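>>> this is a predicted model, with the sequence first.
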Amino acid sequence: MEFKRGHPYRGILVTFDGRDGCGKSTQHKKFIEYLEKNSYHVISAWEPGGTEVGEKIRTLLLDNSIKKMSSTTEFLLFEASRAQLVDEFIRPALQQGRIVALDRFYDSTTAYQGAAGKLPLDLVLYGNRVASEGISPDRTYILDVDSETAHTRLGTTADRMESKSLDYHERVRLAFKGIAELEPERIKLLDASKSPEELHHEIISDFEFLIKNLGYKKLKTPYSL
Ligand code: TYD
């Protein structure tokens, strides 16, 4: 297996993705706890949001009282939130040699706005490149679960995105599987019906193997952004 870098910087970018209710936020949190316990210098963030501008965009995107939002508007808002996060945190942290762990990144836009929302894929991929400044993750964990499991994991109050049809969310699931097949070196598609502990160990052992092969060295000094 080849180990390809997703960007020209010293740091490592790891992203967690998958349909709503797949458990990725739990795995992202466990991953951060593991890194901190093991003295890695880590930056944790989520999308949409993670910056002052991004959190305002997040509120708009998830507001259930908004009845009209065109697919293109939705797409551009996700990309705008991402562009701000990349500029404020992701690129600087990678330049400093940190590990950046994200709860969602551009694969979400490809799956949700592209495949499920039916926007032309070439435009979506282009938007992803603009917003991410061409930075790709070094590793992506996509968590896969069926609709029944996803449903039981979601809370009772659905936000604007979660309120989309079952059919939409099934397309999201299939799209994530397709994305994983297209980039097997970068993406690990994981069966998220397993216990959180089992999944966490799978992720950690893959991650340790990855950074060893990439020759990543832990930073000695903490940096501030
Ligand atoms: P998220 O905060 O991950 O939701 P949750 O906290 O419920 O896991 O993401 C918010 C929603 O936005 C989620 O339904 C996925 C969707 N989304 C997109 O449609 N496109 C995107 O590019 C991103 C980042 C998220």
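Ah, there it is.
>>> could you use CA atoms for every contact and neighbour count after this?
Will do.
>>> can you list the residues of this protein near the ligand?
Within reach of the ligand by Cα under 6 Å from any ligand atom, the chain has these residues: 20, 47-48, 78, 104-106, 108-109, 112-113, 161-162.
>>> please indicate which of those are buried?
20, 47-48, 78, 104-106, 108-109, 112-113, 162 (16 or more other Cα atoms under 10 Å).
>>> just the CA coordinates for the lowest-mean-pLDDT helix or strand in the chain, please, in CSV.
Least confident element among the helices and strands of the chain, by mean pLDDT, DSSP states H and E: helix 147-153 (a mean of 90). As requested, C-alpha coordinates have been extracted for helix 147-153 and formatted as CSV (Å, rounded to 0.1, in the frame of the first residue of the first chain):
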residue,chain,number,x,y,z
SER,A,147,-30.5,3.6,8.1
GLU,A,148,-32.0,1.8,11.0
THR,A,149,-28.9,2.1,13.1
ALA,A,150,-28.3,5.7,12.1
HIS,A,151,-31.9,6.6,13.1
THR,A,152,-31.6,5.1,16.6
ARG,A,153,-28.4,7.1,17.1
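>>> in that helix, which residues are buried?
147, 150.
>>> distance from that helix to the middle of the chain?
For helix 147-153, the gap between its own C-alpha mean and the chain's C-alpha mean amounts to 20 Å (Cα atoms, centre = their mean, to the nearest Å).
>>> mind listing what the residue of the chain found nearest the ligand touches?
In the chain, the residue that lies nearest the ligand is Thr109 (3.5 Å; Cα to the nearest ligand atom). Residues near Thr109 by Cα atoms under 8 Å, 6 or more residues apart in numbering: 75, 78, 124, 128.
>>> can you tell me the element it falls in?
Using DSSP states H and E, the secondary-structure element containing Thr109 is helix 106-109.
>>> report the rounded mean pLDDT for that helix.
Taken as a whole, helix 106-109 carries a mean pLDDT of 98.
>>> so where do the strands sit in this protein?
Remark: strands assigned in the chain by DSSP state E are 12-18, 42-46, 99-103, 139-144, 187-191.
>>> can I get the ones you listed in JSON lines including mean neighbour count?
Conversion of those to JSON lines gives the following (neighbours: other Cα atoms under 10 Å):
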{"stretch": "strand 12-18", "mean neighbour count": "26"}
{"stretch": "strand 42-46", "mean neighbour count": "20"}
{"stretch": "strand 99-103", "mean neighbour count": "23"}
{"stretch": "strand 139-144", "mean neighbour count": "25"}
{"stretch": "strand 187-191", "mean neighbour count": "18"}
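>>> what residue ranges in the protein score low on pLDDT?
When residues are selected by pLDDT under 70, those of the chain lie in 1-2, 222-225.
>>> show me which helix runs longest in it.
The helix that spans the most residues within the chain, counting by DSSP state H, is helix 196-214.
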